[in-house]
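> One predicted model, sequence on top.
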Amino acid sequence: MAFDVEGARRVVGRILDDKLEAWRDSAGRTDDVLDEITGRLVPPAPDEELVWDGFGAVMPLGRPAITQPVGGSVAVEPPTTDYQAVLPVEAPMLRRDDVIRVAGSVRPGGPRDPQLVGRRFRVSDEAVGTYSVVRIVRVQVILND
């Protein structure tokens, strides 16, 4: 039995309903300037370039994306700032420290997690997995940006 790539694209396309942007600081931190008052490195503005925008999904790490919780079940999960970004395989390879911004959602009924819209995530592991139709990268919430 042959693998149906088009069928897989249709199924996965249903969960790729977040409008995402991928940004890259092409000079890295080498052009940042030390703010002597705060002690923080401050990037010059504008410092990032848009390398991709399209549909993907950002979701908590390790949770099934398309299954519903069992009614009445209780699960205690430790808090984490780790998420996973699911991108179409056609998206460019992202690098560590690239930034993904959730720009919106086209999900019927509203975003999967309305609090993620507008949030920015830093790529922490660009090689979680690549499959026939998607690429998964680990990202972390940028808390104080």
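All right, it came through fine.
> May I ask you to confirm that L61 is in contact with I136?
No. Taking contacts as CB atoms under 8 Å, L61 lies outside contact range of I136: 9.7 Å. In short, each C-beta sits where N, CA and C put it, glycine included.
> Compare neighbour counts for the two and give me the winner.
A count of neighbours by other CB atoms under 10 Å puts I136 above the other of L61 and I136, at 19 against 15.
> would the more buried one count as being in a strand?
Yes. If the criterion is DSSP: H, G, I helix; E, B strand; the rest coil, then I136 is within a strand.
> Assess the claim that it and V128 are in contact.
Yes. At 4.4 Å, I136 and V128 qualify as touching, with contact defined as CB under 8 Å.
> shared neighbours of the two, which are they?
The contact sets of I136 and V128 overlap at Q84 (CB atoms under 8 Å, 6 or more residues apart in numbering).
> picking that back up, shared neighbours of L61 and I136, which are they?
Q84.
> Give me the phi and psi for V102.
phi -80, psi 110 (degrees, to the nearest 10).
> Just give the nearest non-adjacent residue to it, would you?
Distances taken as CB to CB, 6 or more residues apart in numbering put L116 closest to V102, at 4.8 Å, once the chain neighbours are dropped.
> Which parts of this protein are strands?
Taking DSSP state E to define them, one finds strands in the chain at 18-24, 33-34, 41-42, 49-60, 82-88, 99-105, 120-130, 134-141.
> How far off centre is the fourth one?
What separates the centre of strand 49-60 from the centre of its chain is 6 Å, taken as CA atoms, centre = their mean, to the nearest Å.
> buried ones in that strand?
By neighbour count on 16 or more other CB atoms under 10 Å, the buried set for strand 49-60 is V51, W52, F55, G56, A57, V58, M59.
> Can you name the residues that contact R101?
L20, E21, W23, G118, R119, R120, F121.
> what sits against the third one?
Pointing back at W23 there. So W23 contacts E48, E49, L50, V51, D98, V99, I100, R101 (CB under 8 Å, 6+ apart).
> what about stretch 23-39, start to end distance?
25 Å (CA to CA, to the nearest Å).
> what comes up buried for that stretch?
W23, R24, D25.
> From what I see, the residue nearest to V102 and V58 are in contact.
Yes. Using CB under 8 Å, L116 is in contact with V58, at 5.8 Å.
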